[in-house]
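[1] Following is a predicted model, sequence given first.
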Amino acid sequence: QQTGKMWKFLLFIAAAIAWPASTAGQQEYLTTVDGWAFYKVRATGAMTSANVKATCEAAGMGYPCYTTGVHGCDSDWAPECVKFDYGGDLCDTPLILSEAICGDPYSSSCQPLDGAFVYSPTGGAGSCGLMAAQMYGPCLDGALFSNTYAVCAVGASNPCARPRCPHDFQCENRHDHYVCLAGNESLPETFTCNSASCPKGMFCKQEGRTSFSCRVA
């Protein structure tokens, strides 16, 4: 099992690297592992572990540690992190996500993970991050980067555990998808959902005059 961190050494002139500013809290679905749906959520400021944690909590989500916390993979895990069983020989969350998303834990380019940082309870202030163009051998010191993404997670078995539906809609869990419902009195006209009605990575299906579902594409 691989439990140690593999640090990537980069040559750069600037003391810190920043992604272009964007909307804080922007979410993008990554993958689902062991009942946990993983997202990357746009953060503001230096990508410290404290900021990764705060970004996930502000989005109503939990967050993984650098290691999974099961089968002896606890060298960089803490009780406040989500615990998930990958079922393989990998311990490190970035490698597991790379394999789940791109089919290779050591992918030289896994674009969905570009700029994604994972909480590291033993890594000092910095979190552990990846850049898709130079992925092999994570991780990058989050204290040197700003305005990128925090890796967060929510229990896929209960997608309504965090706010998902528009205002005045109620979320109802349907096992493999969720439905947003509104009473007839709330919407005098038929509500038509669109791509903006669901988180990125999910598609909208009209279920009735005042309801729609969000499903994994």
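    Arrived safely, thanks for sending.
[2] Spit out the contact partners of Glu207.
    Applying C-beta atoms under 8 Å, 6 or more residues apart in numbering, we find Glu207 in contact with 179, 213. C-betas here are computed from N, CA, C, even on glycine.
[3] Check what pLDDT it gets.
    pLDDT, Glu207: 86.
[4] Remind me which helix or strand it belongs to.
    Using DSSP states H and E, Glu207 sits in strand 202-208.
[5] List phi and psi for Val41.
    Val41 adopts backbone torsions of phi -120, psi 130, taken as degrees, to the nearest 10.
[6] Using the three-state scheme, assign the most centrally placed residue in the chain.
    The C-alpha lying nearest the average C-alpha coordinate of the chain belongs to Tyr39 (C-alpha atoms, centre = their mean; 2.1 Å). Three-state call for Tyr39 (DSSP: H, G, I helix; E, B strand; the rest coil): strand.
[7] again with the one 5 residues further on
    Local secondary structure at Thr44 is given as coil here, using three-state DSSP.
[8] And for the one 10 residues further on?
    Ala54 falls in the helix class when you classify it by three-state DSSP.
[9] repeat for Ala196
    Looking at Ala196 with three-state DSSP, the answer is helix.
[10] Check Tyr178 too.
    Tyr178 is classified as strand under three-state DSSP.
[11] pretty sure it contacts Ser213?
    Yes: if you go by C-beta atoms under 8 Å, Tyr178 and Ser213 touch, sitting 6.6 Å apart.
[12] Which other helices and strands does the helix or strand following the strand holding Glu207 contact?
    Later in the chain than strand 202-208, the nearest helix or strand by DSSP H and E is strand 211-216. Under the contact criterion of 3 or more C-beta pairs under 8 Å, 6 or more residues apart in numbering; DSSP states H and E, strand 211-216 touches strand 177-181, strand 202-208.
[13] Turn those strands into JSON lines, columns for distance to Ala150.
    As requested, those are exported to JSON lines (distance: least, C-beta to C-beta, whole Å):
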{"stretch": "strand 177-181", "distance to Ala150": "23"}
{"stretch": "strand 202-208", "distance to Ala150": "19"}
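[14] Could you identify which of those strands is most buried?
    Of the helices and strands packed on strand 211-216, the one with the most neighbours on average (mean count of other C-beta atoms under 10 Å) is strand 177-181, at a mean of 20.
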